[in-house]
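1. build me a structure from this.
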Amino acid sequence: MIKRLWDITLTVRDLKRAVDFYGRVLGLQKKYEFQDYAGFDCGGVGIGLKTWGEIEKPRKGEPRINFMVEDIGEAYEILKENSVEVIEGPKETPWGGRILVFLDPDGNTLQFTEIEWSRYFRACASQ
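-> Just a heads-up that it's a prediction; the model follows:
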């Protein structure tokens, strides 16, 4: 029935500001932009930004879009340079990951994850 995840869509207050953040700061490739919606590609999964609907505070830590990165330290520096609000991290996890949790300009919770695969596979195998 389900073929794949098509996209994740977030509500934003200011589309131009959000497009700048997701394109320039996070480095995602913009696919299209209309008056009230923009779409980005993230490794084959779409990230949509829309201006209609209510903007409510997210549940504590949810929902969360988790982006895999190669270097969490470099990602952290980019966020700091752009005055992005970091909520947690970077921090080590027991399963071989390093995570960094932050907010987009509209308060949506995002996460960067860097994985040390050998530690990850050892942690998974021990379960």
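2. going forward, measure contacts between C-alpha atoms and count neighbours the same way
-> Noted.
3. can you check the pLDDT for Ala125?
-> Per-residue pLDDT puts Ala125 at 84.
4. all strands for the chain, in order.
-> 7-11, 29-33, 37-42, 45-50, 64-68, 86-92, 97-103, 109-115 (DSSP state E).
5. what comes up buried for the first one?
-> Just to be clear, that refers to strand 7-11. 10-11 (16 or more other CA atoms under 10 Å).
6. that one packs against which elements?
-> Judged by 3 or more CA pairs under 8 Å, 6 or more residues apart in numbering; DSSP states H and E, the packing partners of strand 7-11 are strand 45-50.
7. restricting to C-alpha, output the strand it packs on in PDB.
-> The C-alpha trace of strand 45-50 is given here as PDB (Å, rounded to 0.1, in the frame of the first residue of the first chain):
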ATOM      1  CA  VAL A  45      12.300  13.100   0.600                       C
ATOM      2  CA  GLY A  46      10.400  16.400   0.200                       C
ATOM      3  CA  ILE A  47      10.400  19.100   2.900                       C
ATOM      4  CA  GLY A  48       7.400  21.300   2.300                       C
ATOM      5  CA  LEU A  49       6.800  24.800   3.800                       C
ATOM      6  CA  LYS A  50       3.300  26.200   3.800                       C
END
